[in-house]
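> Build me a model from this:
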Amino acid sequence: MKNIILTIQIMEKLPLSILILFLALTITIAGCSVFGQKKGIKPFHSDVVHPEWSKNSVLYEVNVRQYTEQGTFNAFAEHLPRLKALGVDVLWFMPTFPIGVLNRKGELGSYYSVKDFLNVNPEFGTLDDFKSVLKKAHELGMKVIIDWVPNHTSWDNNLTIEHPEWYVKDSKGKFSPPIGTDWTDVIQLDWSKKGLQDYMIEALKFWVNTGVDGFRIDHPHNTPKEFWERARTELTAIKPVLLIGEIEEPTDFLEKGMDMNYAWEMYHLLVNIAQGKDSVRSLAKYYEKERSTYPNNVYRLQFLTNHDENSWGGTIDSLMGDGQRAFATLIFTAKGVPLIYSGQEDCLNKRLKFFVKDPIKWDTCILTGFYKDLISLKKQNRALWNGEAGSPMVKIKTNKDKAIFAFYREKDDNRIIVLLNLSKRSIALKSLPGNLNDEYTDYFTRLRTVLPLTDSLRFEPWGYKVLVR
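Reported below is the predicted structural model:
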């Protein structure tokens, strides 16, 4: 304590320029800084209280049509024990509703062309079949959320007859597909209509009362944020639910309505880094912006692929190449909630067709154990948990910052150091900041690692290390 007082007294006598230099050197020597401590940028405030079960959740997106040869709920149910063993605990089912026939795209149509919000697609089975899958998932300790499509319906949805006033009309007074899209199989709903909002609330309640644990909300851009605030209040009165918005901006959906939004910018940045179009320094800037924008209690959905990117953009292999393991390690250890898409854990290397049958071929795969390890890493280490249940990311300065992205997270006695070589060349890391000195276990090799280093840490191209204490 005396040393601290003496230091303060000396600092008070220093000229301002010398004091600034002293502080700068102190920060540099420490070698670590919390991402995004910028003045003048205030994060928005979120009042959302997440379900307790979501604090360390890992999401898994289920494409029922392509998951099995049969493409049914019952056939998918056979995979539940395997997914439980993998470690995922929240299943997100792509839309399970009946699909419109009028102006349908392709042989089977788009899952997002909803003919009836209160039933299931007969292609997948019956409502009782869905309830059976739901029951089995719950018995295994898993939660189930379903895809909700509020922006539009199919041309032959019963609402077009019962409530044509709930739709946007063109200059001729006719139904209209969403402007600026090629979604010719659907027509735009008019969310200024209170009757529509009341109907949607009751439909959401129907599924929560059926047993689902939340919703992934497709393209909510044209819906009022106040609706989702109302939905959260009324659904939570039944039971805690998880609401995920397929949107990144605006962020006001997260203030009182939704638990989570999409980290689309992060995804595209990783693709660009993999293809040599961007750098690790851009990733550091990205996390600075994240820290400045999002309060610690907000969830962000992190992914290397999903149904959109796989079908319309490309496979992980084609877009990220040898970077997949390093990038996966990043999204499972950084702030955010990780997502795995159907087949990703089984080396899926084809773009699944969207409007016709194109089943996944399940086989043994070297990535299965890798993803299982990542899920276990996240769940067993409190520092990596979601929102305020986890801890902030603290940047680590290294001698190879142009190639190595390094950070640590610490909660109570749990510390995780993440070191990623996001480049195509071998790297030798000579040292790490002294405040990290301790004894660790290399999570993937299970070998003991002691800091400070007595020899350089060597990384192959796209190599990665996670040190656990």
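> quick one: E248 and A263, what's the gap?
Between E248 and A263 the distance is 7 Å, computed by C-beta to C-beta, to the nearest Å. No exception for glycine: its C-beta is placed from N, CA and C like everyone else's.
> Settle it for me: which of those two has more neighbours?
More neighbours surround A263 than the other of E248 and A263, with 25 against 15 (other C-beta atoms under 10 Å).
> Check what pLDDT the more buried one gets.
Taken from the predicted model, the pLDDT recorded for A263 is 98.
> was I right about it contacting R300?
Yes. Judged on C-beta atoms under 8 Å, A263 makes contact with R300 at a distance of 4.7 Å.
> Check the contact lists of these two and give me the overlap.
Jointly contacting A263 and R300 under the rule C-beta atoms under 8 Å, 6 or more residues apart in numbering are G336.
> Quick check: can you list the domain ranges of this structure?
Annotated domains of the chain cover 31-39+393-468, 52-389 [automatic domain parsing].
> Of all these, which one is nearest H45?
Shortest distance between H45 and those, using C-beta to C-beta, is found for domain 52-389: 6.3 Å.
> Would you mind naming the residues that bridge with the residue nearest in space to the middle of the chain?
Nearest to the mean C-alpha position of the chain, by C-alpha atoms, centre = their mean, lies L301 at 1.8 Å. Note on L301: beta-bridge partners Y262, V337, judged by DSSP bridges.
> Could I get the contacting residues of it?
With contact set as C-beta under 8 Å, 6+ apart, L301 has these partners: 59, 244, 260-263, 336-337, 339.
> Kindly give the local confidence score, pLDDT, for it.
For L301, the model assigns a pLDDT of 98.
> how far away is it from D213?
For L301, the distance to D213 equals 16 Å [C-beta to C-beta].
> do K289 as well
For K289, the distance to D213 (C-beta to C-beta) stands at 31 Å.
> Compare these two and say which one has the larger neighbour count.
Using other C-beta under 10 Å, the more surrounded residue of K289 and D213 is D213, with 23 against 14.
> was I right about the more buried one contacting G141?
No. Using C-beta under 8 Å, D213 is not in contact with G141; the gap is 11.8 Å.
> Residues contacting stretch 170-180, please?
151-152, 155, 160, 164, 167-169, 183-188.
> Of these, keep whichever come out buried.
151-152, 155, 160, 167-168, 183, 185-188 (16 or more other C-beta atoms under 10 Å).
> Let me know the closest of the residues you listed to I360.
Using C-beta to C-beta, those come closest to I360 at D185, 24.2 Å.
> what helices or strands is the helix ranked longest in the chain leaning on?
In the chain, taking DSSP state H as the definition, the longest helix is helix 194-210. Contact analysis of helix 194-210 by 3 or more C-beta pairs under 8 Å, 6 or more residues apart in numbering; DSSP states H and E lists helix 225-236 as its packing neighbours.
> related to what we said a few turns ago, okay, and which of the contacts of stretch 170-180 map to helices?
Mapping the contacts of stretch 170-180 onto helices (DSSP H) picks out T160.
> Closest one of the buried ones among the contacts of stretch 170-180 to Y67?
Ranked by distance to Y67 (C-beta to C-beta), the buried ones among the contacts of stretch 170-180 are led by D185 at 22.5 Å.
> Let me see the contact set for the closest one.
By C-beta under 8 Å, 6+ apart, the contact list for D185 reads 100, 103-105, 109-110, 113, 154-155, 177.
> Might you report the residue contacts of V64?
By C-beta under 8 Å, 6+ apart, V64 lies in contact with 71-73, 76, 93-94, 96, 124.
> now for those, which pair is the farthest apart?
Using C-beta to C-beta, the two most remote members of those are T72 and M94, lying 13.9 Å apart.
> where along the stretch 301-450 of the chain do the strands fall?
Applying DSSP state E, counting those that start in this stretch to the stretch 301-450 of the chain gives strands spanning 337-341, 394-396, 404-411, 414-421, 427-429, 438-442, 448-451.
> export those to CSV and tack on distance to V468, mean pLDDT and mean neighbour count?
Converted to CSV, those look like this (distance: least, C-beta to C-beta, whole Å; pLDDT from 0 to 100; neighbours: other C-beta atoms under 10 Å):
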stretch, distance to V468, mean pLDDT, mean neighbour count
strand 337-341, 17, 98, 25
strand 394-396, 15, 97, 20
strand 404-411, 11, 98, 22
strand 414-421, 6, 98, 23
strand 427-429, 17, 96, 17
strand 438-442, 5, 98, 14
strand 448-451, 9, 96, 14
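> To Y464, which of the ones you listed lies closest?
With C-beta to C-beta, the closest approach to Y464 among these belongs to strand 414-421: 5.0 Å.
> Can you give me the buried ones in stretch 205-219?
207-208, 212-219.
> what does stretch 268-282 give?
Neighbour-count burial for stretch 268-282 flags 269-271, 273-274, 278-280 (criterion: 16+ other C-beta under 10 Å).
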